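J.: Provide a 3D model corresponding to the input given below.
(2 chains)
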Amino acid sequence: MAVLKDDTLPIRTSEDVVRVRKEVRVQAIAAGFGIVDQTKIITAASELARNTLDYGGGGTARLELVQNGARKGLRLTFEDKGPGIPDLQLALTDGYTTGGGLGLGLSGAKRLSNEFDIHSVVGEGTRITIARWK
Amino acid sequence: MDRIPILKLGRALLVTVQVDMHDRLAMALEEDLSEKIVATNARGVLIDISGLEIVDSFMGRMLDNIAAVSRLLDADTVVVGMRPAVAITLVELGLSLTGVKTALNVDRGMALIGTGFGAHDGADDDGVGSEDTDGRVEG
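T.: Numbering: from 1, shown residues only, chains lettered A, B, ... in the order given. A predicted model of the protein is given here:
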């Protein structure tokens, strides 16, 4: 799999979340996504970027435009050095929240992606990677 | 600090959300709207989101909150102009905005304001309701 473009953006403020959305949109268009796929990946990115900010205390978003054969896709990695998630299964349950949100961020982002991977260590941080293919 | 403009349109307030909102802007909108509902005796709030490329759960919660606050202040909230891709994505996200009334455009939204769409037991409905019941007797 070839990586055509690779950018990392900081997530420190809610303005950064907006910036991540905008950049994901640019990359989704570059990947040739139609309007529904664009909307899905931008929405997933928005949920995960907000989680990174609200629960992880900030972190980074890595945006990769990737190509696998003839297919282009977008791979997004959100990483923080926050408290980590003690119970991943619980955190992926619809409606479960520790932060006063709707509890749809993780589970919703997973549904909106073709690939979803989460790695979290309590006391060290969380890394979530999603991918969506054209 | 930036503010989203609120326009008075007859007995309703019209808010057009064009920009990609960040948290503080959204909070400010909630406050401004609730004050303006009381100040202008508005019976409804129309929120035009046709300019929004996405609605995430944060925005969805904000729309729900605005609708709930408006209801307490005796005003109906109608979200208008949602893009089809946004609707598809919201449902997949798991957010169906059940607390918010929607309309396809501002005109249709305006028509809903003040019709008491929250409580469907008005005299106007009686005729239609009984016809429906009559038609189902065979079942």
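J.: what comes up buried for the helix or strand containing B:Lys36?
T.: For B:Lys36, the host element (DSSP states H and E) is helix B:23-40. For helix B:23-40, the buried set under the neighbour-count rule, 16 or more other CB atoms under 10 Å in any protein chain shown, comprises B:Asp23, B:Leu25, B:Ala26, B:Leu29, B:Asp32, B:Leu33, B:Ser34, B:Lys36, B:Ile37. Where you see a C-beta, it was placed from the backbone N, CA and C, and this is true even at glycine.
J.: any idea which of the residues you listed is closest to chain A?
T.: Taking CB to the nearest CB as the measure, B:Asp23 is the one of these closest to chain A, at 4.2 Å.
J.: can you list the residues of chain A near chain B?
T.: A:14-15, A:17-18, A:21-22, A:25, A:35-36, A:38-40, A:42-43, A:46-47, A:50, A:94, A:101-102, A:104-105, A:107-108, A:111-112 (CB under 8 Å from any CB of the partner chain).
J.: Now do the helix or strand harbouring A:Arg50: which elements does it pack against?
T.: For A:Arg50, the host element (DSSP H and E) is helix A:35-54. Here helix A:35-54 touches strand A:2-11, helix A:14-30, strand A:59-68, strand A:71-80, helix A:105-111, strand A:125-133, helix B:57-72, helix B:84-93, going by 3 or more CB pairs under 8 Å, 6 or more residues apart in numbering or on different chains; DSSP states H and E.
J.: counting contacts, what elements does the longest one pack onto?
T.: Read it as helix A:14-30. Using 3+ CB pairs under 8 Å, 6+ apart, helix A:14-30 sits against strand A:2-11, helix A:35-54, strand A:59-68, strand A:71-80.
J.: and B:Arg108, how many residues sit next to it?
T.: Close neighbours of B:Arg108, defined as other CB atoms under 10 Å in any protein chain shown, add up to 12.
J.: isn't it right next to B:Val79, touching?
T.: No - proximity of B:Arg108 to B:Val79 does not meet the contact threshold set by CB atoms under 8 Å, at 11.6 Å.
J.: Give me the phi and psi angles of B:Ser50.
T.: For B:Ser50, the backbone dihedrals (degrees, to the nearest 10) come out as phi -60, psi -20.
J.: What residues does it make contact with?
T.: Taking CB atoms under 8 Å, 6 or more residues apart in numbering or on different chains, we find B:Ser50 in contact with B:Val80, B:Gly81, B:Met82, B:Arg83, B:Asn105.
J.: Closest one of these to A:Ile29?
T.: Of all these, A:Ile29 sits closest to B:Arg83, with 15.8 Å by CB to CB.
J.: Spatially, and excluding backbone neighbours, which residue is closest to that closest one.
T.: B:Ser50 (6.8 Å; CB to CB, 6 or more residues apart in numbering or on different chains).
J.: if I pick the closest residue to A:Asn51 other than its chain neighbours, what's in contact with it?
T.: In space, and not counting its chain neighbours, A:Asn51 is closest to A:Gly105: 5.0 Å by CB to CB, 6+ apart. Residues near A:Gly105 by CB under 8 Å, 6+ apart: A:Glu47, A:Leu48, A:Arg50, A:Asn51, B:Ser57.
J.: Now flag whichever of the residues you listed is closest to B:Ala67.
T.: Distances from B:Ala67 to those, taken as CB to CB, are shortest for B:Ser57 (15.3 Å).
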